[in-house]
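1. fold the stuff below for me.
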Amino acid sequence: MSNTPFGPPLPDAGETGPYALVGTARARPGMADQLEARLVSLVAPTRREAGCVAYHVHRDRADRDLFVFYEAWSDRAALLKHFDEPYILGFLADRADYLDGELDVRWLRMSSSQA
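-> Numbering: from 1, shown residues only. I've put the predicted structure just below:
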């Protein structure tokens, strides 16, 4: 099992789409630019991982302290492996330096076709 504090649920029976999630991260006061740089630093190595379908980080246009990230993985196993990568473990270990509160993660099941 992964070391992540966010336990991804098992896929539904018959589920064939990518395993995806969307989350939000709120920066501590005065730390938004540092959090943005930290989150963006995870993009390139994550996109090189086997099983990564999509990995995006967004900054809210109106609330500059709020970040939204979207991830899609070929399957749950690929996501669990991602959580054990050193750069992800490092972020999870030091996230309190950047975050106001905790990450909010929503586990998604694709309803549309992937094509």
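2. going by C-alpha atoms from here, please, whenever you check contacts or count neighbours.
-> Noted.
3. pull out the buried positions in stretch 41-55.
-> Buried residues in stretch 41-55, counted by 16 or more other C-alpha atoms under 10 Å: Leu42, Thr46, Gly51, Cys52, Val53, Tyr55.
4. mind listing the strands for the protein?
-> 19-26, 52-59, 66-73, 104-109 (DSSP state E).
5. which stretch among those comes nearest Glu85?
-> strand 52-59 (12.9 Å; C-alpha to C-alpha).
6. so which elements touch the closest one?
-> Packing partners of strand 52-59 (3 or more C-alpha pairs under 8 Å, 6 or more residues apart in numbering; DSSP states H and E): helix 32-41, helix 43-47, strand 66-73.
7. ok, 10 Å please
-> Counting contacts by 3 or more C-alpha pairs under 10 Å, 6 or more residues apart in numbering; DSSP states H and E, strand 52-59 is packed against strand 19-26, helix 32-41, helix 43-47, strand 66-73, helix 76-83.
8. is it possible to export the ones you listed to CSV including distance to Trp107 and mean pLDDT?
-> Shown next, in CSV, are the helices and strands packed on strand 52-59 (distance: least, C-alpha to C-alpha, whole Å; pLDDT from 0 to 100):
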stretch, distance to Trp107, mean pLDDT
strand 19-26, 5, 96
helix 32-41, 19, 98
helix 43-47, 18, 98
strand 66-73, 10, 97
helix 76-83, 11, 95
